[in-house]
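# take a look and give me a structure for this.
(one chain, ligands or ions: 2)
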Amino acid sequence: MPGLTAFPPFPTDVPTHPLLIVDYQLLLQNDADEINKLWKAATELGFWYLKNHGTDDEVAKMFDMGAETMALPFEEKMRFEQGDEGMSHGYKAAGANATDATGDKDTVEFINIAQDDVLAYPQFVHRTYPSTVNARMESTIIPFVKKSVATSPSGSEARCIKNPPKPEPSTGEIKVAIGAHTDFGSLSFLHNRLGGLQVLPPGYTQWQYVKPIPGHAICNIGDSLAIFSGGILRSNLHRVVPPPRDQSLYERWSLVFFTRPCSSVELRAITEKSQLIEEAVKKAQTPETFNPKSTAGDWFARRIKNQRIKNRTGPETWAASRGTEHAPLVK
Ligand SMILES: O=C(O)CCC(=O)C(=O)O
Ligand SMILES: [Fe+2]
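Ligands and ions are numbered 1, 2, ... in the order given. Down below sits the predicted model:
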């Protein structure tokens, strides 16, 4: 089980940012304090831990699915590649995406499985998948994805990510695994075992690690919710680097479920539905951020496409892949 191999503990001597811990069961009971805590987390940093989410078994099986898929021969995985046209679903090889404006390459490989394909199985809405994915559709992937329900086609997908071991250099630059970004969709539900995820909290100039806590998912707000809410909900910049200290000697596995709006939805602040949102947009320094004149589907395809190394012409390609994030002040 790749997610659960024994590994050194998360170190205590690296810059680490605390997150609020939200209890999913209390949210289901409409607990007022817990709802307030979620509001605080979603508006101030846009990241929080979620405990008692009840998906540990499904997550463990999804990591098995990921291990089986990554163990396939490279040519077999490449038969199910995302392509360069802006589709996210499918396999992405290490080095296929840029991590910054210079075109430095990413180090992660991942498999993205569309929610629409999972819910339509044995039919496919967007594309087909490797045999290791099909074999686990009923036992593993459908149960994992069914926690969220689609009403019309969307970009929602499950992603299993593998980053190879890469000893942390004692000095100098660290190699970025996934470049600084905001997530594209509404909400991300992330499960990881080793450190490596970093956030740049508001007002900070140095990246801060988020420490994985066993049994706690990490949740964060993506661009769509930030735009719908006129920026009240925060889509915070984050990236992935090799795990810190001794943990860097191990393969890093992570699993994300990205909830994304229906592809046809117009991305804009829903000012007519809330006075709070209307006021937030009026006060915003860049109100155009909250009316990008794009559907969710187009927004998503633009970001995926311009991240691909094959589509890169120069720093402008990286700029064209950006969402609501500010330019990171630090590398
Ligand atoms: O692997 C992680 O911890 C985070 C991955 C991530 O940010 C992403 O895939 O968007
Ligand atoms: Fe992300």
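# interface residues of the stretch 201-331 of the chain facing ligand 1?
Residues of the stretch 201-331 of the chain that fall close to ligand 1, judged by Cβ under 6 Å from any ligand atom: H238, V240, S254, V256. Where you see a C-beta, it was placed from the backbone N, CA and C, and this is true even at glycine.
# for the third one, which non-adjacent residue is closest in space?
In space, not counting the residues next to it along the chain, S254 is nearest to N192; the distance is 4.0 Å by Cβ to Cβ, 6 or more residues apart in numbering.
# my guess is the one you found meets Y250, correct?
No: between N192 and Y250 there is no contact under Cβ atoms under 8 Å: 12.0 Å.
# got the contact list for A320?
R302, N306 (Cβ atoms under 8 Å, 6 or more residues apart in numbering).
# do you know the pLDDT at it?
pLDDT for A320: 92.
# quick one: contacts for the residue of the stretch 51-200 of the chain found nearest ligand 1?
With distances taken as Cβ to the nearest ligand atom, the stretch 51-200 of the chain approaches ligand 1 most closely at L197, which sits 3.7 Å away. For L197, the residues meeting the contact criterion (Cβ under 8 Å, 6+ apart) are L190, Y209, V210, P212, I218, H238, R239, V240, S254.
# where does whichever residue of the stretch 201-331 of the chain sits closest to ligand 1 fall, phi/psi-wise?
At 3.4 Å from ligand 1, S254 is the closest residue in the stretch 201-331 of the chain, using Cβ to the nearest ligand atom. Phi and psi for S254, reported as degrees, to the nearest 10, are phi -140, psi 160.
# ok, it to P201 distance?
Distance from S254 to P201, counting by Cβ to Cβ, to the nearest Å: 20 Å.
# burial measure for the residue lying closest to F74 once chain neighbours are set aside, as a count.
Setting aside the residues directly before and after it, F74 is nearest to A93 in space (Cβ to Cβ, 6+ apart), at 7.5 Å. Burial of A93 is recorded as 15 neighbouring residues (other Cβ atoms under 10 Å).
# where exactly do the strands run in the chain?
According to DSSP state E, the chain carries its strands in the segments 21-23, 47-51, 90-92, 109-114, 157-163, 178-181, 187-192, 197-199, 208-209, 217-221, 238-240, 252-259, 266-267, 294-295.
# which parts of the chain are helices?
Secondary structure of the chain by DSSP state H: the helices cover 24-28, 32-44, 56-70, 74-78, 115-120, 131-135, 142-145, 223-228, 275-283, 296-307, 315-319.
# hey, which of those helices is tucked in deepest?
Comparing the helices of the chain by mean neighbour count (mean count of other Cβ atoms under 10 Å), helix 223-228 comes out on top with a mean of 25.
# and that helix, what does it pack onto?
Helices and strands in packing contact with helix 223-228 are listed as strand 266-267, helix 296-307; criterion 3 or more Cβ pairs under 8 Å, 6 or more residues apart in numbering; DSSP states H and E.
# dump those into TSV; add mean pLDDT as well.
Supplementary listing: these in TSV, determined by pLDDT from 0 to 100:
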stretch	mean pLDDT
strand 266-267	96
helix 296-307	94
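# adding distance to D106, write those out as CSV.
As requested, the helices and strands packed on helix 223-228 are arranged in CSV below (distance: least, Cβ to Cβ, whole Å):
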stretch, distance to D106
strand 266-267, 25
helix 296-307, 9
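# which one of the ones you listed lies closest to V133?
helix 296-307 (19.3 Å; Cβ to Cβ).
# what lies in contact with that closest one?
82, 84-88, 97-98, 154-155, 184-185, 223-224, 260-267, 292, 294, 311, 317-318, 320-323.
# what residue ranges in the stretch 201-331 of the chain score low on pLDDT?
Low-confidence segments of the stretch 201-331 of the chain, defined by pLDDT under 70, span residues 326-331.
# how near is the nearest residue to K211 once chain neighbours are set aside to P212?
Across the structure, with Cβ to Cβ, 6+ apart as the measure, the residue nearest K211 apart from its sequence neighbours is F10 (4.8 Å). Between F10 and P212 the distance, using Cβ to Cβ, works out to 6 Å.
# show me the common contact partners of those two, please.
Shared contacts of F10 and P212 (Cβ under 8 Å, 6+ apart): L194, G195.
# quick one on the thing from earlier: list the contacts of the residue nearest to F74.
Residues counted as contacts of A93 (Cβ under 8 Å, 6+ apart) are F74, K77, M78, E81, E109.
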